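Q: sequence and predicted structure below; questions after.
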Amino acid sequence: MKQRADQLLVGGFVLTLFLMFLTFLLLPKEHFSELENRVLQSAPNLTWDNLLSKKYAEDAESFVTDQFPFRSKWLAVKSSVEQLRLQQENNGIYKGHSGYLFEKFVEPDYSKIQQYAESIKQFAISHPEANTTFMLAPTSVGIYADRLPWLAPNYPQSKVNQYIADYVRGSVSFMDGFEFLSPYASEPIYYRTDHHWTTNGAYLAYVAYAEKMGWHPLSKKEFHIQTVSNSFLGSYHTRSQFNGVTPDSIEVYKPIQPTSTEMYIADTGETLTNMYDASFLDKKDQYSHFLGGVHALMKFTSKLDPHVIKQEKLLVIKDSYAHNVIPFLTLHVPEIHVIDIRYYNGSISDYMSENGIKDVLLLFNTTTFIDNSALLKLDTKKK
């Protein structure tokens, strides 16, 4: 009887493994995880170089992990178990004070940071005719480190920003988000459940950039501040699946004196007359209400009073932190080109030349910057 039971146990285990493997093969592979707000690992490329460098093995492991069947359900189960154990961290997200969730931030790889900062420097050197500004914004854990759980490890983002500032000094005009955000830390400048800054945080970035450029930024009194959602549970909540989290509100600042702006999306060939997509307010990714989410290339054309125009064109090279900043910029620049470096594979130099662009804003958050190999595209020497 015992031998029979052992055989059934082994057989059941092997059958389970086979069914899981079959499910893995048959289920469609996902490109992007809304749960974790990141691009998932694609199937590894089998080449001799990849085999010898162990890259194939590393990519294969990441591929299996990212595409594991019913991954999101397993993450939810893991979160529930962790909360029962009174854990304050799950899937790299801490449950902090004042209702804030924070992404774990450990000491980064400074060799990679140096490569990416060098790409910024080389981009500026390659375009001496352009006025290039690099804005680097901390994430919420950088400003609100005091709201982390007791003894939670945290590497200061201010050190990272300062290292990058020192490295690119003399090549670009650097704007450290700590300088224009820290004085307003008592205000809601970050979502509690998401990795982005709020529209209030974006407004502070707009004011800082406008003043640097010599524009006259609009005061808050010159906007209708409208709450479009009170049910936003962002990427940090989705990853952590913590219970009892209060949703965020999403605000939109619309100028009392409206400006007509057309938004051209090169990815789809669409031209829209609204920079906000209300359909996303009924979905999980409510932040995509701004600009309709991520696109490789966009162009904004605004009808402005010729007397207030001080700059004809602007190129914004960015991550998603720029999405709720760009509507503010359209109030001052009649033609704004926007490139998401992660998805745009054309020549940025050629694009600038073809469109006569002389002003560039590089806008990234610290967490994205330190792990964004797409920034290497900016260094034309490496192509």
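A: In hand now; what should we look at?
Q: against which helices or strands is the helix or strand harbouring residue 264 packed?
A: Here residue 264, judged by DSSP states H and E, is contained in strand 260-265. Here strand 260-265 touches strand 270-272, strand 297-303, going by 3 or more C-beta pairs under 8 Å, 6 or more residues apart in numbering; DSSP states H and E. (C-beta placed from N, C-alpha, C; glycine too.)
Q: can you give me the helices in this protein?
A: Along the chain, counting by DSSP state H, helices occupy 2-26, 48-52, 55-66, 71-84, 110-126, 140-143, 157-168, 177-181, 199-213, 235-240, 326-329, 348-355, 366-369.
Q: list the beta-bridge partners for the nearest residue in space to residue 272 that is not next to it in sequence.
A: Residue nearest to residue 272 in three dimensions, not counting chain neighbours: residue 263, with 4.7 Å by C-beta to C-beta, 6 or more residues apart in numbering. Per DSSP bridges, the residues bridged to residue 263 are residue 272, residue 300.
Q: which pLDDT value goes with residue 263?
A: Note for residue 263: predicted pLDDT of 98.
Q: what about it, neighbour count?
A: If you count neighbours by other C-beta atoms under 10 Å, residue 263 ends up with 25.
Q: now swap in residue 303 and tell me
A: Number of residues near residue 303 (other C-beta under 10 Å) recorded here: 9.
Q: that one and residue 130: what is the separation?
A: Separation of residue 303 from residue 130 (C-beta to C-beta, to the nearest Å): 25 Å.
Q: to residue 256, which of the helices and strands packed on strand 260-265 lies closest?
A: strand 297-303 (16.1 Å; C-beta to C-beta).
Q: just checking, what packs against the closest one?
A: In this structure, strand 297-303 packs against strand 260-265, strand 335-340, with contacts taken as 3+ C-beta pairs under 8 Å, 6+ apart.
Q: give me whichever of the ones you listed is most buried.
A: Scoring those by mean neighbour count under mean count of other C-beta atoms under 10 Å gives strand 335-340 as the most buried, with a mean of 22.
Q: ok, back up a step: worst average pLDDT in the helices of the chain?
A: Ranked by mean pLDDT, those bottom out at helix 71-84, with a mean of 55.
Q: go ahead and confirm residue 229 touches residue 249.
A: Yes. In this structure, residue 229 is within contact of residue 249 by C-beta atoms under 8 Å, at 6.4 Å.
Q: what residues sit buried inside stretch 185-197?
A: Buried residues in stretch 185-197, counted by 16 or more other C-beta atoms under 10 Å: 189-197.
Q: scratch that, stretch 112-128 is what I was asking about
A: For stretch 112-128, by 16+ other C-beta under 10 Å, it's 112-113, 116-124, 127.
Q: repeat for stretch 208-219
A: By neighbour count on 16+ other C-beta under 10 Å, the buried set for stretch 208-219 is 208-210, 213, 215, 217-218.
Q: make a markdown table out of those and add distance to residue 224.
A: Output for the buried residues of stretch 208-219, formatted as a markdown table (distance: C-beta to C-beta, whole Å):
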| residue | distance to residue 224 |
| --- | --- |
| 208 | 22 |
| 209 | 22 |
| 210 | 19 |
| 213 | 24 |
| 215 | 21 |
| 217 | 16 |
| 218 | 12 |
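Q: residue 307: which of those residues is nearest?
A: Of the buried residues of stretch 208-219, the one sitting nearest to residue 307 (C-beta to C-beta) turns out to be residue 215, at 13.1 Å.
Q: now the angle from the strand holding residue 264 to strand 335-340?
A: Here strand 260-265 runs at an angle of 30 degrees relative to strand 335-340 (axes from the mean of the first three to the mean of the last three C-alpha atoms, to 10 degrees).
Q: alpha carbons only: can I get strand 260-265 in PDB?
A: Only the C-alpha atoms of strand 260-265 are listed here, as PDB (Å, rounded to 0.1, in the frame of the first residue of the first chain):
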ATOM      1  CA  SER A 260      -6.700  75.200 -28.200                       C
ATOM      2  CA  THR A 261      -4.200  72.300 -28.500                       C
ATOM      3  CA  GLU A 262      -4.000  69.500 -31.000                       C
ATOM      4  CA  MET A 263      -2.200  66.300 -30.000                       C
ATOM      5  CA  TYR A 264      -0.800  64.200 -32.800                       C
ATOM      6  CA  ILE A 265       0.200  60.600 -31.900                       C
END
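Q: got the contact list for that strand?
A: By C-beta atoms under 8 Å, 6 or more residues apart in numbering, the residues outside strand 260-265 that reach it are 270-275, 291-292, 295, 297-303, 327, 330.
Q: need the buried ones from the residues you listed selected in ChimeraX.
A: The ChimeraX selection below is limited to those of those classed as buried (16+ other C-beta under 10 Å):
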select :272,275,291,292,295,297,298,300,301,302,327,330
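Q: who does residue 276 bridge with?
A: Here residue 276 sits in beta bridges with residue 290, going by DSSP bridges.
Q: show me what contacts it?
A: When contacts are counted by C-beta under 8 Å, 6+ apart, residue 276 is found next to 228, 252, 289-291, 327.
Q: if we can go back for a sec, now the strand holding residue 264, how far from the centre of its chain.
A: With C-alpha atoms, centre = their mean, to the nearest Å as the basis, strand 260-265 stands 22 Å off its chain's centre.
Q: can you check stretch 178-196 too?
A: Chain-centre distance of stretch 178-196: 15 Å, with C-alpha atoms, centre = their mean.
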